[in-house]
Structure formats: C-alpha cells, structure tokens
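Colleague: structure, please.
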Amino acid sequence: MSGHSKWSTIRRKKEKIDAQRGKVFTKLIKELTIAARRGGGDEDSNPALRTAIANAKAANMPAANIERAIKKGTGELPGVSYDEVTYEGYGPGGTALMIEALTDNKNRTVAEIRHILSKYNGNMGESGCVAWMFEKKGIISINKSEIGEEELLELVLEGGADDLRSDDDSYEIVTNPSNYENVKRVIESHNIKIEDAELTMQPQNTVNVSGKDAENLIRIMDALEDHDDVNSIYSNFDIDSEELQRIEQG
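Modeller: Residues are numbered from 1 along each chain as shown. Model (predicted):
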C-alpha cells in the first residue's frame, strides 16, 4: 500500500487520540479560517469550506467553534492571521516529502520543521524539488461493511471517479479534483457513509523503505503530524504491512 493510504490509516487512529485532548481542534480551526478567508463564508459556494466543516463535525467540534473560526476567516471577528506555506524535502531512504502548514510565524515554523527532518535523517529541500513527483487527487475512503466492491465501482465510475482500490478494511476511491465533489454527492445520495475524504497530493511513483529508514520515516511523520502548524503531509513512501506493524509495536 502506498504512502498516502498507509499514512491516512495511521493518521485516523492518531486523530481519535488527539481529539481526546482537543489537539485536533487547533488544526481544524486553522483549516476553517483559511478556507473562509480564501473562498468566503458560504459553504454552498465554497467546496474547501464545506470539506473543512465536514471534518470539524466529524471530530465533534461544537457548532459555535466552527462558526467563530469561519467568521475570523471572513474578517467578521478579529483573530490571528495565518499564512499558507509549503515545504519540500527528503526523508530517509530517498523518500520525498511535501509539508503544508498554516502559520502566524514563518521563521519559527521553517526552523522547527527543518529540525524535525534533520533529527531523523531527513533534510529540507528547495521549492519545487519534489513537487513534480505528485499530482492532486481526491481520495474518498469507505468501510467495506457499507457496500460490495462491484456495486460501489459501478456507482463511483458513473459519478466520474478514476479508480477504486481496496485494502483490508476499506475501499479508496480516486478522483480528479474537478469530479471530487460530484463523486461525494453520488455516494452520499445512496446513504453510504464516507469514512474519510480529502483533496490530496498523490505520488506518481513510490519508494520502498524498511529497517532503520522506515523507523526514522515514521518518526518524522509522527513529529510533523504533532506539530501545531502542520496541516498536511504527503510522501511517496511504501512500507510493507509487516514492517509497519513491527514499528508500531516497537
């Protein structure tokens, strides 16, 4: 399984733990604020805000918090001004890393991310050094208990999806960004519960890592995910399931 699929599974487990201590709310508030600032406070005409609201509700964020974050983004309420920045670099084993952050202090954030990468045998690169390895895609995950594979495939292809992949527990639907919202609507119109949905950067090719490189890479991903300013992490790593289980248990 590729880096996106594997890390999405790990991240969902982490988010459940993070939600218990309220940490996930910090990132969701930033996501809501930025989406509202870029596209306005009307979710019907702002797909990014609609996704951010759905993510916030899935994490059980109170409606008042969601509304306040949106109003900060539209300027109706005073608040911290965040900048969107993307950092590129390399992880252990020659893996590529793209890190999207929302920060109110670029100098602090870049220094802290550079430290995380170097601590675990990675390094920061120049802008554009790995971006060419990725392409933007919509990814929608559905638990296998919801529907059969053939029925789902027929449904999502009709909605404009590019591909349907399967792992142990769930299906992963891949779409072009232009068809992402339509595929989601088709799924939801058939009362099928969506486990996770996002616009993400998919690697065009993957790099297999194992041993110490795999351990350090997971440490980098964990540390970046825990960083308050980091919003999304994309990588082209591929780690065997047995190797990943060994690292998690270690």
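Colleague: and after the one helix or strand in the chain whose mean pLDDT sits lowest, which helix or strand comes next?
Modeller: The least trusted helix or strand in the chain, going by mean pLDDT, DSSP states H and E, turns out to be helix 3-20, with a mean of 53. For helix 3-20, the following helix or strand on the C-terminal side (DSSP states H and E) is helix 23-39.
Colleague: list the buried residues of that following helix.
Modeller: 24-25, 27-37, 39 (16 or more other C-beta atoms under 10 Å). Backbone N, C-alpha and C define where each C-beta goes, glycine included.
Colleague: by contact count, what packs against it?
Modeller: helix 3-20, helix 47-58, helix 63-74, strand 95-103, strand 230-235 (3 or more C-beta pairs under 8 Å, 6 or more residues apart in numbering; DSSP states H and E).
Colleague: what is the mean pLDDT for it?
Modeller: Taken as a whole, helix 23-39 carries a mean pLDDT of 85.
Colleague: likewise stretch 220-234?
Modeller: 88.
Colleague: any low-confidence regions in the chain?
Modeller: 1-23, 250 (pLDDT under 70).
Colleague: can we see that at 80?
Modeller: Applying pLDDT under 80 to the chain flags the ranges 1-24, 79-81, 167-168, 241, 243-245, 247-250.
Colleague: from the buried residues of helix 23-39, pick the one nearest residue 169.
Modeller: Of all the buried residues of helix 23-39, the one with the least separation from residue 169 (C-beta to C-beta) is residue 24, at 21.4 Å.
Colleague: hmm, residue 58 and that closest one touching each other?
Modeller: No. Here residue 24 does not reach residue 58: they are 10.0 Å apart, not a contact under C-beta atoms under 8 Å.
Colleague: from residue 186, how far out is residue 179?
Modeller: Using C-beta to C-beta, to the nearest Å, we find residue 179 at a distance of 10 Å from residue 186.
Colleague: identify the contacts common to these two.
Modeller: residue 159 (C-beta atoms under 8 Å, 6 or more residues apart in numbering).
Colleague: coming back round to it: of the buried residues of helix 23-39, closest to residue 235?
Modeller: Lowest distance from residue 235 to the buried residues of helix 23-39 (C-beta to C-beta) belongs to residue 27, with 18.2 Å.
Colleague: that closest one reaches residue 225, doesn't it?
Modeller: No. Using C-beta under 8 Å, residue 27 is not in contact with residue 225, being 9.4 Å away.
Colleague: now do residue 135: how many residues are near it, please.
Modeller: Residues near residue 135, counting by other C-beta atoms under 10 Å, number 13.
Colleague: same question for residue 181.
Modeller: Neighbour number of residue 181 under other C-beta under 10 Å is 18.
Colleague: many thanks, I have nothing further to ask.
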